[in-house]
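J.: pasting the sequence and the predicted model now:
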Amino acid sequence: GTTILGVNAVNGDGLDARTGLCIDSVKVTVKVTHPCINQLRISIMGPTPDTGSPNFHAHSASHEVLLYNQRKTNGTGCAGGEHVFVFNELSERFTDECCTENFKGDYKPEGRLSEFVGSTMLNEWTLVVQDMKVDGLVGTVESWSIEFMVNECVKGFSWTDLSSTISADTSRSPVARYGAKALAYKDSLFVFNGRD
């Protein structure tokens, strides 16, 4: 009998072939001036751990994480001037604290920057700043930066024995795939990646 195994990559889809490094944590710093900071919505667009995988064809910067959006609260009010946010999930401070005159320092983002963990830093990253109120007030993004903590990517695989799903007359068989790789070894055939 022949054993046919299907493979699922567990942690390796974020592997960066050039550096072998994957994201452990992300910090985003944004310096912005605006006469009414609570009108702004700030987010970061980047990759996911599935970006670059042959099984997933998402755009390289298709994943959005919300950093700041306080226009639905009365906490921040119309604080004007220069604001410096360092969005860091380890921060204890939130941006919805009452009566802030100017933001400066570390703040917990509204979304989870940990959603980027496992992906590659060598990709397209886009800061999105939107003024959500049409009132003639104008602001400026003075600067922004992104900081990564990285570690070596570790690929792990789990194998599923699909032999019992195949009948002699091929009426039952695994889903057809294209672009897959296969390796024959003794009485086994290993099939991995590709698309169905």
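T.: Nice, thanks for sending it over. Numbers count the residues shown, from 1 in each chain.

J.: drop to CA atoms for contacts and neighbour counts, all remaining ones
T.: Will do.

J.: what about the chain, any weak spots by pLDDT?
T.: Scanning the chain for pLDDT under 70 picks out 1-19, 49-60, 71-77, 99, 154-157, 170, 196.

J.: how does it look with 90?
T.: 1-24, 36-39, 46-63, 70-80, 94-102, 115-124, 132-136, 150-196 (pLDDT under 90).

J.: now the strands: where do they sit in the chain?
T.: 3-9, 21-34, 40-46, 63-69, 81-87, 104-107, 126-131, 140-152, 157-161, 181-185, 188-192 (DSSP state E).

J.: okay, these in CSV with mean neighbour count and distance to Ser167 next?
T.: Converted to CSV, the strands of the chain look like this (neighbours: other CA atoms under 10 Å; distance: least, CA to CA, whole Å):
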stretch, mean neighbour count, distance to Ser167
strand 3-9, 16, 12
strand 21-34, 20, 41
strand 40-46, 20, 44
strand 63-69, 20, 41
strand 81-87, 20, 55
strand 104-107, 18, 58
strand 126-131, 16, 50
strand 140-152, 13, 42
strand 157-161, 12, 14
strand 181-185, 11, 20
strand 188-192, 16, 16
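
J.: nearest to Pro174, of those?
T.: Closest to Pro174 of the strands of the chain is strand 3-9 (CA to CA; 9.0 Å).

J.: kindly reformat the strands of the chain as CSV containing distance to Ser119.
T.: Below are the strands of the chain laid out as CSV (distance: least, CA to CA, whole Å):
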stretch, distance to Ser119
strand 3-9, 14
strand 21-34, 6
strand 40-46, 9
strand 63-69, 11
strand 81-87, 19
strand 104-107, 23
strand 126-131, 15
strand 140-152, 10
strand 157-161, 17
strand 181-185, 23
strand 188-192, 20
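
J.: those strands: which one's closest to Ala168?
T.: The nearest among the strands of the chain, by CA to CA, is strand 3-9 at 13.4 Å.

J.: give me every residue that touches Arg172.
T.: 165-166 (CA atoms under 8 Å, 6 or more residues apart in numbering).
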